[in-house]
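J.: missing the sequence, but the structure's below:
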């Protein structure tokens with residue numbers, strides 16, 4: 001079957017010898033389906049240069065986009081969740097935590113750091129959706145609370161980047177208590193007259209939306225971000241009515257008064273810097 005083989009020197013002769021592109025070099029835009037090279041994504045701040053779709057990214061990428069020269073000091077990096085309820089479903093909660101920590105390299109669904117943005121001091125707490133859907137558990141609430149304490153002590157503005165599926169069911173009431181805890185801490189931040197900017201990204205839902213995500217002095221979102229409390233199916237079954245198209249997008253939420261601005265990620269650093277200057281003055 002020689003006519004099925006290429007036998008000239010330097011030409012691949014079998015599919016077994018074919019070299020595949022390394023994982024992570026290319027991916028596909030979820031919106032326009034066009035291929036994106038990793039270097040292009042980084043250069044364009046993880047926004048599709050074909051259609052402007054904002055790719056989902058985590059704390060590592062947000063820190064690199066916002067902090068000057070990607071220089072920052074992480075705050076409270078060793079905090080991890082316990083298992084106060086001894087939750088067991090298909091697997092133990094503690095096993096799920098260990099597996100997710102190993103897979104993502106994260107301790108929990110949030111990282112906090114302090115650094116500079118265009119020369120101005122700023123503390124950023126950023127959620128990671130890859131860690132159990134960015135669910136809000138006791139560590140998320142505690143890191144936000146401690147970050148706010150740090151801001152009050154050092155007189156530094158606070159930026160919260162939300163990206164979450166809501167409360168972490170494996171911690172039940174302990175998770176829900178974080179809504180009140182973080183809201184109370186933000187009240188102290190307000191009393192201290194320290195700026196708080198809330199950035200809602202895709203997706204921001206559940207108890208996160210119902211607490212700290214909507215309590216900013218300025219509430220902003222990325223274009224097209226899913227923002228809501230309950231899912232569309234649950235809402236439709238509750239109110240027994242058809243829902244408007246795109247009713248949980250950032251654009252719809254802004255139109256109905258829950259957001260101040262929608263900001264393109266490529267302009268985010270400049271806009272945040274101007275907001276901080278305005279509020280400090």
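T.: Perfect, I can see it now. For clarity, every value in this text was computed on a predicted model and none was experimentally measured. Numbering: from 1, shown residues only.
J.: For the stretch 51-200 of the chain, which segments are assigned as helices?
T.: Per DSSP state H, counting those that start in this stretch, the stretch 51-200 of the chain carries helices over the ranges 59-66, 93-104, 138-154, 172-191.
J.: tell me the domain ranges of the chain?
T.: Domain assignment of the chain by automatic domain parsing yields the ranges 14-55, 56-280.
J.: quick one: the longest one to chain centroid distance?
T.: Yep, that's domain 56-280 we're talking about. Put simply, domain 56-280 sits 6 Å off its chain's centre (CA atoms, centre = their mean, to the nearest Å).
J.: Start and end of that domain, how far apart?
T.: End-to-end distance of domain 56-280 (CA to CA, to the nearest Å): 30 Å.
J.: Need the winner for burial among the domains of the chain.
T.: domain 56-280 (a mean of 18; mean count of other CB atoms under 10 Å). C-betas here are computed from N, CA, C, even on glycine.
J.: any idea of the mean pLDDT for that one?
T.: Mean per-residue pLDDT for domain 56-280: 95.
J.: Ok, stretch 33-44 next?
T.: Mean predicted lDDT for stretch 33-44 stands at 93.
J.: Tell me where the stretch 151-281 of the chain has strands.
T.: For the stretch 151-281 of the chain, the strands defined by DSSP state E, counting those that start in this stretch cover 158-164, 196-204, 218-221, 261-262.
J.: Can you add distance to residue 127 and give these back as JSON lines?
T.: Putting these into JSON lines (distance: least, CB to CB, whole Å) gives the following:
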{"stretch": "strand 158-164", "distance to residue 127": "5"}
{"stretch": "strand 196-204", "distance to residue 127": "8"}
{"stretch": "strand 218-221", "distance to residue 127": "14"}
{"stretch": "strand 261-262", "distance to residue 127": "19"}
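J.: can you tell which of these is closest to residue 108?
T.: Taking CB to CB, strand 158-164 is the member of those nearest to residue 108, at 11.9 Å.
J.: now that closest one against helix 59-66, angle please.
T.: Interaxial angle, strand 158-164 versus helix 59-66 (axes from the mean of the first three to the mean of the last three CA atoms, to 10 degrees): 140 degrees.
J.: same for strand 158-164, what does it pack against?
T.: helix 59-66, strand 120-127, helix 138-154, strand 196-204, helix 206-209 (3 or more CB pairs under 8 Å, 6 or more residues apart in numbering; DSSP states H and E).
J.: just so I know, which of these lies nearest residue 266?
T.: For the helices and strands packed on strand 158-164, proximity to residue 266 was assessed by CB to CB; helix 59-66 is nearest, at 8.8 Å.
J.: Next, the angle from the closest one to strand 120-127.
T.: 150 degrees.
J.: Please enumerate residues in contact with stretch 42-50?
T.: 29, 31-32, 34, 36, 40, 53-55, 57, 61, 65, 264-266, 268 (CB atoms under 8 Å, 6 or more residues apart in numbering).
J.: rerun that using 7 Å as the cut-off
T.: Identification of contacts with stretch 42-50 by CB atoms under 7 Å, 6 or more residues apart in numbering yields 29, 31-32, 34, 36, 40, 54-55, 57, 61, 65, 265-266.
J.: ditto for stretch 205-220
T.: Contacts of stretch 205-220 (CB under 7 Å, 6+ apart): 136, 144, 160, 162, 164-167, 176, 179, 182-183, 186, 195-200, 204, 226-229, 258-263, 275, 279.
J.: cool, stretch 159-173 as well?
T.: 62, 85, 87, 93, 122, 124-127, 129, 132-138, 144, 175-176, 197-201, 203-208, 212-213, 272.
J.: now the residue most central in space within the chain: how far from residue 190?
T.: Nearest to the geometric centre of the chain sits residue 163, at 3.6 Å (CA atoms, centre = their mean). Residue 163 sits 23 Å away from residue 190, taking CB to CB, to the nearest Å as the criterion.
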